[in-house]
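S.K.: Need coordinates for the below:
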Amino acid sequence: MEPLVLARAQFGFTVAVHIIFPVFSIGLASYLAVLETLWLKTGRDVYLQLFKYWLKIFATGFAAGVVSGLVMSYQFGTNWSQFSDKAGPVIGPLMAYEVLSAFFLEAGFLGVMLFGLERVGKKLHYLATLAVAVGTFISAFWILSANSWMQTPQGYAINEAGQFVPADWLAVIFNPSFPFRLAHMVLAAYLTTALAVGAVGAFHLLRDRTNEASRIMFSMAMGMIAVVAPLQIFAGDAHGLNTLEHQPIKILAMEGHFDAHPDGAPLILFGWPNEDEARVDYAIEIPKLSSLVLKHDPNGALPGLKDYPRSEWPVVPVVFWSFRAMVGLGFAMLALALTALWARVRGRLYDSPWLHRGAMLMGPAGFAAVVCGWVTTEVGRQPYTIYGLLRTDHSVSPLDSPAVAASLAAFALVYFTVFSAGVFYILRLMSHAPHPGESGPETLGPIRTAGLTPITEEMPHHEP
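M.R.: From the prediction side, this is the model:
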């Protein structure tokens, strides 16, 4: 295989594995802040139980996210040195801002949040929890700003060396697609977390319907999905309109429109994009609905992929199907929310085994939708790393295939190990229901195994 294909496969693989953990951390950090707020406001021990329960899961997921994300930045220098050289003056500072403002904030307060509840007092601990939640949001802000600039670049100039340099930092940061992508991603994080929390609550309700903590977490999760799922649909619609304006080829690949439709384009529900013949085989269509969605006018004209050179097309079948998987999962989430709302109105939210099984089935749906969304975004941007300006084949490092293949194999081995261990341990933590006297993260690993004296024990005075 060509080095370019292997380098893209490596980056795509590492991103797909890594993104699962940060998305969960963003949503779970906010959920923990809500739980601690409710505990401090009401004094009910059940909220403290839930806080400690999910805090252990957060700690494990956060650690797995840090480990899986360590190699992401190294790939810019190893496999994508040409991209780093050309875009480094813009992308480098944005990544540095993320580390300085977000990661330092999270790292500075994470230890207090995880282990300080019994040591620093309620107010300071609550401040630490809020700081970690804000830090995860700031991290998403900078990462999405950098990625959005690659999608819709502005505020730059090109120097004599052919490098992109910032001419207007505000224009770079708040580029045209950034607000839409930030809203879409943060809402996706909240949906993903709510589905996971709901699945865990449903699992324990099937075992014991009287468990108060399980009832509360399931109720909160279903309520969150009922609020966020419709918001996500509206955010996705706005994001689509923005993408049509700035990246029309991506939208046309997502919709499967090879031909122009001057009098209204149909919505292709299913079919098989045939790039060689430039058509969608076995298409199932709804007339004019695509124009209604994208133009808010059933007779709105839409161009086709044939209006653009083939060298500008992404891999249409991948974009076409990943988009449909994401949208299909989104509407399944909305269906779950409406079903739970109906059960709540009827007073059967905790007494509907079929609803609980459906919630368990939908538990991984948020993670799958996020991965599908990123595939749609990143593959749809091809054949560019910086849309319309720097092609992907001009961004890759001058490496031979064996070198890239070896690093891809090593990353796959390490990532599968980290991912499997992280998911296994998280599922193990989720397997028991929250209970009175729930322990915190200090039980995740005994200190004595490292040959250290626990800090809770008084050390002899003669020891240094």
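S.K.: Which strands or helices does the lengthiest helix in the chain pack on?
M.R.: Longest helix of the chain, by residue count under DSSP state H: helix 212-246. In terms of contacts (3 or more C-beta pairs under 8 Å, 6 or more residues apart in numbering; DSSP states H and E), helix 212-246 is packed against helix 45-69, helix 178-207, helix 248-255, helix 289-295, helix 316-345, helix 353-361. (Glycine included, C-beta is placed from N, CA and C.)
S.K.: mind showing which ranges of the stretch 351-464 of the chain have poor pLDDT?
M.R.: Scanning the stretch 351-464 of the chain for pLDDT under 70 picks out the ranges 437-440, 442-464.
S.K.: Oops, could you answer that again for the stretch 151-300 of the chain instead?
M.R.: Counting by pLDDT under 70, the stretch 151-300 of the chain shows no low-confidence range.
S.K.: returning to what we had before: ok, and for the longest helix of the chain, which residues are buried?
M.R.: If you call a residue buried by 16 or more other C-beta atoms under 10 Å, then helix 212-246 has these buried ones: 213-226, 228-229, 232, 235-236, 239-240, 242-244, 246.
S.K.: try stretch 315-326
M.R.: Within stretch 315-326, the residues that count as buried by 16+ other C-beta under 10 Å are 316-326.
S.K.: Look up how far T377 lies from the residue nearest to H239 when sequence neighbours are not counted.
M.R.: Once flanking residues are discounted, H239 sits nearest to F180: 4.1 Å by C-beta to C-beta, 6 or more residues apart in numbering. In this view, F180 and T377 are 11 Å apart by C-beta to C-beta, to the nearest Å.
S.K.: Same check on P248?
M.R.: As for P248, its distance to T377 is 15 Å (criterion: C-beta to C-beta).
S.K.: So for the two, which sits in the more crowded spot?
M.R.: T377 (24 against 17; other C-beta atoms under 10 Å).
S.K.: who touches the closest residue to A253 other than its chain neighbours in this structure?
M.R.: Nearest non-adjacent residue to A253, counting by C-beta to C-beta, 6+ apart: V319, 4.3 Å away. Listed by C-beta atoms under 8 Å, 6 or more residues apart in numbering, the contact partners of V319 are 250, 253-254, 375-376, 379-380.
S.K.: any idea which of the residues you listed is closest to F62?
M.R.: Proximity to F62 was ranked across these by C-beta to C-beta; first place goes to V375, at 24.3 Å.
S.K.: Just give the closest residue to that closest one, not the sequence neighbours.
M.R.: Using C-beta to C-beta, 6+ apart and skipping residues adjacent in sequence, the residue nearest V375 is S322, 4.1 Å away.
S.K.: got a pLDDT number for the one you found?
M.R.: S322 carries a pLDDT value of 94.
S.K.: which residues sit in contact with it?
M.R.: Residues in contact with S322 (C-beta under 8 Å, 6+ apart) are 372-373, 375-376, 379.
S.K.: Swap in 10 Å and give it another go.
M.R.: By C-beta atoms under 10 Å, 6 or more residues apart in numbering, the residues touching S322 are 254, 371-380.
S.K.: Against T392, how distant is it?
M.R.: In this view, S322 and T392 are 18 Å apart by C-beta to C-beta.
S.K.: Ok, K122 next?
M.R.: Distance, K122 to T392, by C-beta to C-beta: 51 Å.
S.K.: Mind checking which of these two has more residues around it?
M.R.: A count of neighbours by other C-beta under 10 Å puts T392 above the other of K122 and T392, at 18 against 11.
S.K.: was I right about the more buried one contacting L4?
M.R.: Yes: counting by C-beta atoms under 10 Å, T392 does reach L4; the two are 6.9 Å apart.
S.K.: contacting residues around the nearest residue to V315 once chain neighbours are set aside?
M.R.: Nearest residue to V315, sequence neighbours excluded (C-beta to C-beta, 6+ apart): V379, at 5.9 Å. Residues counted as contacts of V379 (C-beta under 10 Å, 6+ apart) are 8, 12, 250, 253, 314-319, 322-323.
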